[in-house]
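K.L.:
Provided below for reference: sequence and predicted model.
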Amino acid sequence: RDQNTIEISVNSELSTTNTIPLANQLNYSRLYGGITKDIYIIAVPKVAVLSSDLSYTLSGYNNVTFQNKVNIKSSSLDGFNSSNFGIKTEVIDKETGTVVYESPVTSFNVENYQSTTVDHTFNFPNPRLWSFEKPNLYIFKTQVIDTSGVVDESITEIGIRRVQVKGQTIFINGKEYNLKGINYYEDSPDYASALDYHGVERDLKNIKDLGVNCIRVPGRTPHPYIVNICNNIGLLLFCEIPFNEVPSALLRKDEYVESGLNYMEGAIQTYKNNPSIIAWGIGNNFDVTQSESADYVRLAKERSAQLDSRSVYYTTKNFTDDKCEEFADFRCLDLYGN
């Protein structure tokens, strides 16, 4: 029979004009080529969940309303009794493995070789909130069903918490926190960026035991290993994109700015259900002195707000001639020497 072949080509070559990150950075991690983490092949049924865009609104601390936009794709209805299906969600307490809630069913219809988006909304009462001290997590199983049972399911791990910033103070679930953080580099002496999950877990647990409550992976988007461990052990995380040391000449090029914004949107879409992430970083030590710099930060803030409510920040060494500060939620100052 015919053999299927999957070919993967990896290119880590950077340039000084059109890649993110740029070549010849001075202060950020080296980019390594090759396949450095696990790769999975996922087989799906003929009617499958392509994506599940989950968000929630917390009313007080006793009830949460979930809005899930579920994108469904049908390659064929052969073997199904009809074109009528439903969406439901099982909520599982990760610690106990117990199903603690099952949503009502949202019905939908899909034909051969079509896709459709289903708005699936439900209330979940009395959630156990995620916090630094108690990182409670839930597993959401978004299921496509028909008269015969479950056709397909999409699994999302989520923590429920409320983050508020009032002046210089941050509150998580109403409790005041002072952030105590360090930089954590996604690198190891033996294997570079091919990190071992258990090694990272050991590092981050040790960091938390030392009294640190947040980490930053400088100048790059953290690998899912790091995000997952932060979720599980209760460690806050600043999540950045590698829009690093970008000169004003590139900030004037719409196509380069757009590539940076697209990179940011992809990171937010991928990671927004992770409770450990406290803010989105949109760049490090790019030129902040030009009007084009301010335009980039303003656009990044606007585009981020369309996807998620977390704060947006950037880092800079420029303390005196920064035209971007008013457009971000906050900025971080890079201190060198004295």
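P.N.:
Here it is on my side, so go on.
K.L.:
centroid residue for the protein?
P.N.:
Central residue of the chain (Cα atoms, centre = their mean): residue 271, 1.2 Å from the mean position.
K.L.:
would you mind measuring from that one to residue 307?
P.N.:
Residue 271 sits 11 Å away from residue 307, going by Cβ to Cβ, to the nearest Å. (Each C-beta comes from the backbone N, C-alpha and C, glycine too.)
K.L.:
now swap in residue 76 and tell me
P.N.:
Counting by Cβ to Cβ - residue 76 and residue 307 are separated by 33 Å.
K.L.:
these two: which is more packed in?
P.N.:
residue 307 (16 against 11; other Cβ atoms under 10 Å).
K.L.:
OK, contacts around the more buried one?
P.N.:
When contacts are counted by Cβ atoms under 8 Å, 6 or more residues apart in numbering, residue 307 touches 265, 268, 269, 272.
K.L.:
quick one: contacts for the last one?
P.N.:
Spelled out, it's residue 272. Neighbours of residue 272 in contact, by Cβ under 8 Å, 6+ apart: 55, 307, 308, 310.
K.L.:
now, those that are in helices?
P.N.:
Taking DSSP state H, the ones among the contacts of residue 272 that sit in helices are residue 307.
K.L.:
quick one: which of the contacts of residue 272 is nearest residue 195?
P.N.:
residue 310 (24.8 Å; Cβ to Cβ).
K.L.:
if I look at the closest one, what pLDDT would I see?
P.N.:
For residue 310, the pLDDT comes out at 94.
K.L.:
ok, it to residue 41 distance?
P.N.:
Residue 310 sits 32 Å away from residue 41, going by Cβ to Cβ.
K.L.:
can you pick out the residue with more neighbours from those two?
P.N.:
The neighbour count for residue 310 versus residue 41, taken as other Cβ under 10 Å, is higher for residue 310 (18 against 5).
K.L.:
mind checking the backbone torsions on that one?
P.N.:
phi -70, psi 160 (degrees, to the nearest 10).
K.L.:
that one and residue 39, how far apart?
P.N.:
29 Å.
K.L.:
which residues are in contact with residue 332?
P.N.:
Residues counted as contacts of residue 332 (Cβ under 8 Å, 6+ apart) are 313, 314, 315, 316.
K.L.:
most surrounded residue in those residues?
P.N.:
residue 314 (27 neighbours).
K.L.:
for that residue, what are its contacts?
P.N.:
By Cβ under 8 Å, 6+ apart, residue 314 lies in contact with 281, 282, 283, 284, 286, 288, 297, 324, 328, 331, 332.
K.L.:
highest neighbour count among these?
P.N.:
residue 283 (29 neighbours).
K.L.:
can I assume residue 221 is in contact with residue 240?
P.N.:
Yes - Residue 221 lies in contact with residue 240 (Cβ atoms under 8 Å); the separation is 6.5 Å.
K.L.:
look at the two and report which has more neighbours.
P.N.:
residue 240 (26 against 20).
K.L.:
now residue 315: which helix or strand?
P.N.:
Take DSSP states H and E as the rule and residue 315 turns out to sit in strand 311-316.
K.L.:
centre of the chain to the helix or strand just after that strand, how far?
P.N.:
Per DSSP H and E, the first helix or strand lying C-terminal to strand 311-316 is strand 330-333. Distance of strand 330-333 from its chain centroid, counting by Cα atoms, centre = their mean, to the nearest Å, is 21 Å.
K.L.:
over to stretch 324-335?
P.N.:
Worked out by Cα atoms, centre = their mean, stretch 324-335 lies 21 Å from the chain centre.
K.L.:
what mean pLDDT does that stretch have?
P.N.:
For stretch 324-335, the per-residue pLDDT averages 92.
K.L.:
got it, and stretch 272-287?
P.N.:
Taken as a whole, stretch 272-287 carries a mean pLDDT of 96.
K.L.:
can you give me the end-to-end span of it?
P.N.:
27 Å (Cα to Cα, to the nearest Å).
K.L.:
ditto for stretch 320-330
P.N.:
With Cα to Cα, one end of stretch 320-330 sits 15 Å from the other.
K.L.:
would you mark the buried spots in it?
P.N.:
By 16 or more other Cβ atoms under 10 Å, the buried positions in stretch 320-330 come out as 322, 323, 324, 327, 328.
K.L.:
closest to residue 203 out of those residues?
P.N.:
Nearest to residue 203 among those, with distances taken as Cβ to Cβ, is residue 328, at 29.3 Å.
K.L.:
Three-state assignment for the residue lying closest to residue 267 once chain neighbours are set aside, please.
P.N.:
Nearest-residue entry for residue 267: residue 221, 5.1 Å, with adjacent residues in sequence omitted and distances by Cβ to Cβ, 6 or more residues apart in numbering. Three-state assignment for residue 221 (DSSP: H, G, I helix; E, B strand; the rest coil): coil.
K.L.:
equivalent analysis for residue 170, please.
P.N.:
Here residue 170 is recorded as strand under three-state DSSP.
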